[in-house]
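[1] Okay, here's the prediction I keep looking at, along with the sequence it came from:
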Amino acid sequence: MATTTRTMGQQQQQRLQQRNLPAVPVDDDAEVEENLASAATTASLVVTPGDDDVSSSPQQQLHPLSLSSVIAALRAYVHSPDFYELSGWVAFALVTCVPVFLADSRPRERPIPYQALYPDPLPNATNSSATPEAALYVRNLNYDTEFTTETVSNAVLGVVGQVVPFVLQFAMSWRWGRLGDCHRTLCAYLVSFAISASTTGVIKLYVGYLRPYFYQACQPNDTYQECTSSDTDSTLEVRKSFLSGHASLSFGGLMLLTLYVHNRFGIPSVVAEYYERIEHALGGDGSSTRFRIVPVVDDVLTNGKRRRDALRRLVSVLALLPLAVATFVAASRIVDNKHHPADVVAGAVLGGSVSVYVNGLWFR
């Protein structure tokens, strides 16, 4: 029996050395038997993704969606440290967003773009053709487009770009997510919106870039020195082209949903799921006995991934659908002549970057 056990231990040791993993000690027969028994016990406790029993995982819990369970969860949440963290981020959002949107701030007023063409001879100090009335004014075609209606209004943007992804992610966190995912979802969406919205508003006011339909809203006078439109709000709004708020907010919300679905249910979830379940089976983090479970981890990852990788890859690809919606919202601003292409690209980069950063803060 000792010879058989030692042979098995040597085979495991060679296998782990080939994969650059720590080897199981084989100097003592009793220790080898204990290690193999521990590994076998761990293997029996490991739950593969194909099994129905998921109760062994401390992270993934199925919450029944009922009124009593919701009320109980809310009561527990209000008295937890997570609620104080959320309250702090609510205050952060108010401090960053309220001054930008409620302050009576005017965007930078760029001069009206035009080109004056004078008849021959060239004007000079004594030539009457130098008067403004004698000039032929040519408009810049970049700002001479026509705006009729919006494909995606501000209300639709709020629903599609922020509310819908938040509700979907919160529902998935409640039903299939790991412990604490609901709280992380609340904080992530709140902080992402606050940073994206406030940054977008400040940049719009500081840059004061003209929208493609500037001439239509401004209605400049004959000498192109000032706007004659009586709609003051429209005249100010037409100077807030860079960067696109629709692009930054849509990518800010929908990117979070894409990252969550991909990381929690796509390919990245495979390795994390197995390690969590094995560590839970050991009754802790498994740090003191990790060398015992290496063979089990190796077997489970090799066999389990072959069965589940196809489905996980499909989920990761489908997770790109929210980004497709965000891309449509951003592209519609160019079609509607509300923004220049550079405005949309900059907004998408801002919203997407903020979402990736915030997602890393709460969903590591």
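    It's in.
[2] per-residue confidence at Ile293?
    Looking at Ile293, its pLDDT stands at 47.
[3] nope, Ala188 is what I was after
    Note for Ala188: predicted pLDDT of 96.
[4] by contact count, what packs against the host helix or strand of it?
    Using DSSP states H and E, Ala188 sits within helix 181-207. When contacts are defined as 3 or more CB pairs under 8 Å, 6 or more residues apart in numbering; DSSP states H and E, helix 181-207 sits against helix 81-102, helix 164-175, helix 245-265, helix 341-362. Placement of C-beta: from N, CA and C, glycine included.
[5] Export the first one to CSV, keeping only CA atoms.
    Read it as helix 81-102. Output of helix 81-102 as CSV, limited to C-alpha atoms (Å, rounded to 0.1, in the frame of the first residue of the first chain):
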residue,chain,number,x,y,z
PRO,A,81,-21.6,49.8,6.9
ASP,A,82,-22.4,49.5,3.2
PHE,A,83,-25.3,52.0,3.7
TYR,A,84,-22.9,54.6,5.1
GLU,A,85,-20.6,54.1,2.2
LEU,A,86,-23.5,54.6,-0.2
SER,A,87,-24.6,57.8,1.7
GLY,A,88,-21.1,59.2,1.3
TRP,A,89,-21.2,58.6,-2.5
VAL,A,90,-24.7,60.2,-2.7
ALA,A,91,-23.2,63.3,-1.1
PHE,A,92,-20.3,63.1,-3.5
ALA,A,93,-22.7,63.0,-6.5
LEU,A,94,-24.7,66.0,-5.2
VAL,A,95,-21.5,68.1,-4.6
THR,A,96,-20.2,67.3,-8.1
CYS,A,97,-23.4,67.6,-10.2
VAL,A,98,-25.6,70.2,-8.6
PRO,A,99,-23.2,73.2,-9.1
VAL,A,100,-22.6,72.3,-12.7
PHE,A,101,-26.3,71.9,-13.7
LEU,A,102,-27.9,74.5,-11.5
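[6] who's in contact with the helix or strand following it?
    Later in the chain than helix 81-102, the nearest helix or strand by DSSP H and E is strand 114-117. Residues from elsewhere that reach strand 114-117 (CB atoms under 8 Å, 6 or more residues apart in numbering): 132, 135-140, 220, 224.
[7] which one of those sits closest to Ala72?
    Asn140 (62.5 Å; CB to CB).
[8] So that closest one versus Pro111, what's the distance?
    Asn140 sits 11 Å away from Pro111, taking CB to CB, to the nearest Å as the criterion.
[9] Equivalent analysis for Ser153, please.
    31 Å.
[10] Please apply the same query to Ile267.
    Taken as CB to CB, the span from Ile267 to Pro111 is 53 Å.
[11] Comparing these two, which residue is more hemmed in?
    Per other CB atoms under 10 Å, whichever of Ile267 and Pro111 has more neighbours is Ile267, with 18 against 9.
[12] before we move on, what SS does the more buried one have?
    Three-state assignment for Ile267 (DSSP: H, G, I helix; E, B strand; the rest coil): coil.
[13] Next up, the contacts around the closest residue in space to it that isn't next to it in sequence.
    Leaving out its chain neighbours, the residue that sits closest to Ile267 by CB to CB, 6 or more residues apart in numbering is Arg312, at 4.7 Å. Arg312 makes contacts with 265-267, 269-270, as judged by CB under 8 Å, 6+ apart.
[14] I believe Arg312 is in a helix; please confirm or correct that.
    Yes: under three-state DSSP, Arg312 falls within a helix.
[15] Could you tell me what pLDDT the model assigned to it?
    87.
[16] still on that earlier bit, possible to save the contacts of Arg312 as TSV with distance to Leu210?
    Converted to TSV, those look like this (distance: CB to CB, whole Å):
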residue	distance to Leu210
Phe265	44
Gly266	42
Ile267	45
Ser269	47
Val270	50
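[17] pLDDT check: weakest of those residues?
    Per-residue pLDDT puts Val270 lowest of the contacts of Arg312, at 69.
[18] Flag the shaky bits of the protein, pLDDT-wise.
    Along the chain, segments meeting pLDDT under 70 span 1-65, 104, 119-134, 270-307.
[19] Can you tell me how far the closest residue to Phe83 other than its chain neighbours is from Arg264?
    In space, Phe83 comes closest to Tyr77 once its chain neighbours are excluded; the distance is 5.6 Å by CB to CB, 6+ apart. Distance, Tyr77 to Arg264, by CB to CB: 20 Å.
[20] Which residue of the two possesses the greater neighbour count?
    For Tyr77 versus Arg264, neighbours defined as other CB under 10 Å are more numerous around Arg264 (22 against 14).
[21] Tell me who's in contact with the more buried one.
    172, 176-178, 181, 363.
[22] for Tyr143, same thing?
    By CB under 8 Å, 6+ apart, the neighbours of Tyr143 are 113, 210-215.
[23] With Gln219 instead?
    Applying CB under 8 Å, 6+ apart, one finds that Gln219 lies in contact with 227-229.
[24] what about Leu168, how many residues close to it?
    Number of residues near Leu168 (other CB under 10 Å) recorded here: 16.
[25] now it, nearest residue through space, not along the chain?
    Leaving aside its chain neighbours, Leu168 sits nearest to Leu257 (6.1 Å; criterion: CB to CB, 6+ apart).
[26] ok, now how distant is that neighbour from Ser241?
    Distance, Leu257 to Ser241, using CB to CB: 28 Å.
[27] One more: Thr148?
    With distances taken as CB to CB, Thr148 is found 17 Å from Ser241.
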